[in-house]
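A.B. asks: model the structure of this input:
(2 chains)
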Protein chains: 2
Amino acid sequence: MTDAHLVVAAYWAAAEARDWETFGGLVAEHVVYQAPQTRERVRGRAAYVRFNVEGFPGDWHLAAERIVGEGRHAASWIQFSDADAHYPGLCFFDLDEDGRIVQITDFWPTPSELPASRAHLVERC
Amino acid sequence: MTDAHLVVAAYWAAAEARDWETFGGLVAEHVVYQAPQTRERVRGRAAYVRFNVEGFPGDWHLAAERIVGEGRHAASWIQFSDADAHYPGLCFFDLDEDGRIVQITDFWPTPSELPASRAHLVERC
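C.D. replies: As a prediction, this is how the structure comes out:
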């Protein structure tokens, strides 16, 4: 396992534990979070910890489905769960030279219709 | 760069080049493709090559934004473009012991509304 893999595993474990001190210590002071689907951006450790503490109310839980790390890069696929449902969450991470997460790009895909044009080429699962 | 990284880079280069022979050689005979959003599944190399050749008509292009590989696992974030727009595509890959792609899980996130509950915690980008 690479360092980037371990850092991202610790990041998700800290989030699940609401251990915001550990969580904040894993991200760089000048971390930048972006969610392209909603065009959200959060800059800086303090703002990013606050975003996580306050931005997702309710009794959510998460579990890492897959983490892949290579050099200063990593990707994760988590299952995020709340009272209503499970949602896959996908993140790409960049780490700085100190091994802290400095860039996060976050995606939340949602169910969608199967295009009729390729319905004959697939089975449903 | 890991082998898994190189295999996934070659996979996307072959798709962009419509080099379906190379593309087919990079996936295992019993490859399984899944797209959880549409609940699509495709099993086997022949069906999976056909799905790619026939399932996406039009003059599309793609470019790899990020590939991360570790051991027999990899993740990619591509930009897929057609006449209308650009779309991010996110995949997680497993490779078999021969270095061929044996499992692909594919996600296509789409634009969504910013929840009002966290609008005060972010800027827009």
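A.B. asks: residues in contact with the helix or strand where residue A:21 lies?
C.D. replies: Under the criterion of DSSP states H and E, residue A:21 resides in helix A:20-26. With contact meaning Cβ atoms under 8 Å, 6 or more residues apart in numbering or on different chains, helix A:20-26 is reached by A:7, A:10-11, A:14-15, A:45-46, A:48-49, A:52-53, A:100-101. Glycine gets a C-beta too; all of them are placed from N, C-alpha and C.
A.B. asks: got the CA coordinates for the longest helix along chain A in CSV?
C.D. replies: For chain A, the helix that runs over the most residues, judged by DSSP state H, is helix A:3-16. Extracted in CSV, the C-alpha atoms of helix A:3-16 (Å, rounded to 0.1, in the frame of the first residue of the first chain):
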residue,chain,number,x,y,z
ASP,A,3,1.4,6.4,1.5
ALA,A,4,-1.4,8.2,-0.5
HIS,A,5,-3.6,5.1,0.0
LEU,A,6,-2.9,5.1,3.7
VAL,A,7,-3.6,8.9,4.0
VAL,A,8,-6.9,8.6,2.2
ALA,A,9,-7.9,5.5,4.3
ALA,A,10,-7.2,7.6,7.5
TYR,A,11,-9.1,10.5,6.1
TRP,A,12,-12.3,8.5,5.6
ALA,A,13,-11.8,6.7,9.0
ALA,A,14,-11.6,10.1,10.7
ALA,A,15,-14.7,11.4,8.9
GLU,A,16,-16.7,8.3,9.9
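A.B. asks: in it, what counts as buried?
C.D. replies: Buried residues in helix A:3-16, counted by 16 or more other Cβ atoms under 10 Å in any protein chain shown: A:4-5, A:7-12, A:14-15.
A.B. asks: can you map out the strands along chain A?
C.D. replies: Ranges of strands in chain A, per DSSP state E, are A:27-35, A:40-43, A:61-70, A:73-81, A:86-95, A:101-107, A:123-124.
A.B. asks: how about a markdown table for the ones you listed, with mean neighbour count, mean pLDDT and distance to residue B:68 added?
C.D. replies: Shown next, in a markdown table, are those (neighbours: other Cβ atoms under 10 Å in any protein chain shown; pLDDT from 0 to 100; distance: least, Cβ to Cβ, whole Å):
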| stretch | mean neighbour count | mean pLDDT | distance to residue B:68 |
| --- | --- | --- | --- |
| strand A:27-35 | 19 | 98 | 17 |
| strand A:40-43 | 19 | 98 | 22 |
| strand A:61-70 | 19 | 97 | 5 |
| strand A:73-81 | 21 | 97 | 5 |
| strand A:86-95 | 20 | 97 | 8 |
| strand A:101-107 | 21 | 98 | 12 |
| strand A:123-124 | 10 | 96 | 29 |
